[in-house]
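Q: Build me a model from this:
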Amino acid sequence: MKTQVRGLIDTGALLALLDADDNWHERCVEAFSSLKLPLATTAAVLAELFHLLGEHPNNLNAAWKLLRSGAICVLPITDADSEDLERLMKQYADRPMDFADAT
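A: Reported below is the predicted structural model:
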C-alpha cells in the first residue's frame with residue numbers, strides 16, 4: 001500500500017522541531033502537532049539536517065526517532081528529477097536555495 005503524503009518538510013522546520021533552543025521550536029512543535037501526517041522530505045534534506053545537528057546526541061536521537069515514527073516519509077531523488085532541480089535552482093538563484101531546498 002502506498003503512503004499518501006500530506007505535505008513537505010524541509011531542513012529549517014526539522015531543525016526547529018528537534019532543537020528546543022531554536023527560536024522557532026515552540027511554533028514548529030505547535031504546527032507539527034496540528035498537521036496531517038506523514039510529511040515528505042528527501043535524503044538531501046536529511047543529509048543537511050544531520051550535518052547541522054552536529055554532535056548533539058539528544059537532537060540526533062530525536063531525529064532518528066522522528067524518522068522511525070512514520071511521521072516523515074523520505075521520497076527518492078532520481079536522475080529524472082535533475083532537470084527540474086536545476087531549473088528551480090536557476091529560477092531562484094537570487095534567493096538562498098541550495099540543492100536540498102530544490103528537492
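Q: Which residue ranges of this protein form strands?
A: Counting by DSSP state E, the segments of the chain that form strands are 7-8, 39-42, 72-75.
Q: Dump these to JSON lines, plus mean neighbour count and distance to Cys28.
A: The C-beta positions use only the backbone N, C-alpha and C, and glycine is treated the same way. As requested, the strands of the chain are arranged in JSON lines below (neighbours: other Cβ atoms under 10 Å; distance: least, Cβ to Cβ, whole Å):
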{"stretch": "strand 7-8", "mean neighbour count": "12", "distance to Cys28": "13"}
{"stretch": "strand 39-42", "mean neighbour count": "20", "distance to Cys28": "12"}
{"stretch": "strand 72-75", "mean neighbour count": "16", "distance to Cys28": "13"}
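Q: mind showing which ranges of the protein have poor pLDDT?
A: Low-confidence segments of the chain, defined by pLDDT under 70, are located at 1-2.
Q: Take the strands of the chain and lay them out in TSV including distance to Thr103.
A: What follows is these, written out as TSV (distance: least, Cβ to Cβ, whole Å):
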stretch	distance to Thr103
strand 7-8	10
strand 39-42	4
strand 72-75	8
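Q: what about Ala71, how many neighbours?
A: Ala71 has 15 neighbours, counted by other Cβ atoms under 10 Å.
Q: For it, give me phi and psi.
A: phi -70, psi -20 (degrees, to the nearest 10).
Q: residues contacting it?
A: For Ala71, the contacting residues are 37-39, taking Cβ atoms under 8 Å, 6 or more residues apart in numbering as the criterion.
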